[in-house]
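Participant: here is a sequence with its predicted model. Questions after.
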Amino acid sequence: MDEHIQEILLERYLDDELSRRKKASVAAHLSECAVCQRTLDRLDLQSRILREALEGAAERADFSSFDEGVLAGIASDVRQPLIVHARVWLGEALYHYRAIWLTSLVTAALLLVLLIPLLGRTPTSSSGAPDNVAGDARIARVDNQAIIDSMEYAGQRSMIFTVSKNDTTVIWLYDFDGTGGKAPEGDDL
Amino acid sequence: MTRLARLVCMSLLLLPGSALSASASDSEVAIGIRVIYAVRDKVHSVDPALEDIRDELAELPASKFRLLDRIQSRVVLNSSVELQLPGSHSIAVRFNGIDRSSGKTMLSLQLSMKPALKINLRLADGGRTLLGGPSHLEGKLILDISAKLKEVKK
């Protein structure tokens, strides 16, 4: 035999950790190689000696107060800070309930997308009145923003201004009566 | 992800689409027009029917305000409300659509006072604008134009 089996492989063979195919291959080699067989016997002997020594030590040990010792050790253990408990709890919760967390996050994101435009809308009256249109003798804070996209005016003088208290846009036409062929009569109030 | 969670996610993803699908063609707008007579007088007085716009009127160059006429009507897309004014003038307010590009609802309106004026503007839902100028008796006419969206449920 030119090549011998490595010791690590023989140890795994002894511990029955090899695949069925590898185990058969090693067994076939051992049946023909006296060197490897001797190595295997040596490893087996070492293993048995070690096991017997450990078992003997375990038998001599006193386990009569083992449970009490463990409990006393737990009781005297230093209390972990709250942040450590929270981190452990959060880690476990995130892992075990990840489907629920994910669904909740998606739900919250979608609700935000829906609610932000709604919150930006003009508040409506709680009086149950149908409209906030002209004629309602109610004082309510409303959004009066107006954007003038285009203006065609036949006159020459007009003014657009905003009432400071509630942003109402006022369009004032100074010479409106002069645009229809009539002579202007007292433009200004 | 469980089947239930997947179902919930799908439902929530479809929700915004259905909420925003209501277009201007499905909507009505309540348009109000009030015709106000404004004149300079020794005594400052505001018609009780105009109490809701007292702040606006206070900044105009007049001291006496009286409500002459009013109209309130619901209109659909591309239709208008028209009101005859004292004299030979009239005012028409046309609903041209809804603009939500800025994040809030703006109503697109066209104001026409024949034959001199045509204004295209976007007014905040529930808001108002004042238009003044035509002469009347010893003073001026002021038009209070307001609009509020009324979603039509199918």
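Facilitator: Thanks, I have it.
Participant: for residue B:82, list each beta-bridge partner.
Facilitator: Residue B:82 has the following beta-bridge partners by DSSP bridges: residue B:92.
Participant: residues in contact with it?
Facilitator: By CB atoms under 8 Å, 6 or more residues apart in numbering or on different chains, the contact set of residue B:82 is B:90, B:91, B:92, B:93. (Each C-beta comes from the backbone N, C-alpha and C, glycine too.)
Participant: hang on, isn't residue B:72 packed against residue B:30?
Facilitator: Yes - Residue B:72 is in contact with residue B:30 according to CB atoms under 8 Å; the separation is 6.7 Å.
Participant: these two: which is more packed in?
Facilitator: Set residue B:72 next to residue B:30 and count neighbours by other CB atoms under 10 Å in any protein chain shown: residue B:30 wins out with 21 against 17.
Participant: for stretch B:90-98, buried residues please.
Facilitator: B:91, B:93, B:94, B:95, B:96, B:97, B:98 (16 or more other CB atoms under 10 Å in any protein chain shown).
Participant: again, but for stretch B:46-55
Facilitator: Buried residues in stretch B:46-55, defined by neighbour count with 16+ other CB under 10 Å: B:46, B:47, B:49, B:50, B:52, B:53.
Participant: over to stretch A:55-72?
Facilitator: By neighbour count with 16+ other CB under 10 Å, stretch A:55-72 contains no buried residues.
Participant: and it, how far apart are its ends?
Facilitator: Terminal residues of stretch A:55-72 are spaced 27 Å apart (CA to CA, to the nearest Å).
Participant: same thing with stretch B:43-62?
Facilitator: Length of stretch B:43-62, first residue to last, CA to CA: 10 Å.
Participant: repeat for stretch B:85-104
Facilitator: End-to-end for stretch B:85-104, by CA to CA: 33 Å.
Participant: residue A:25 falls within a helix, correct?
Facilitator: Yes - counting by DSSP: H, G, I helix; E, B strand; the rest coil, residue A:25 is found in a helix.
Participant: neighbours of it, how many?
Facilitator: 15.
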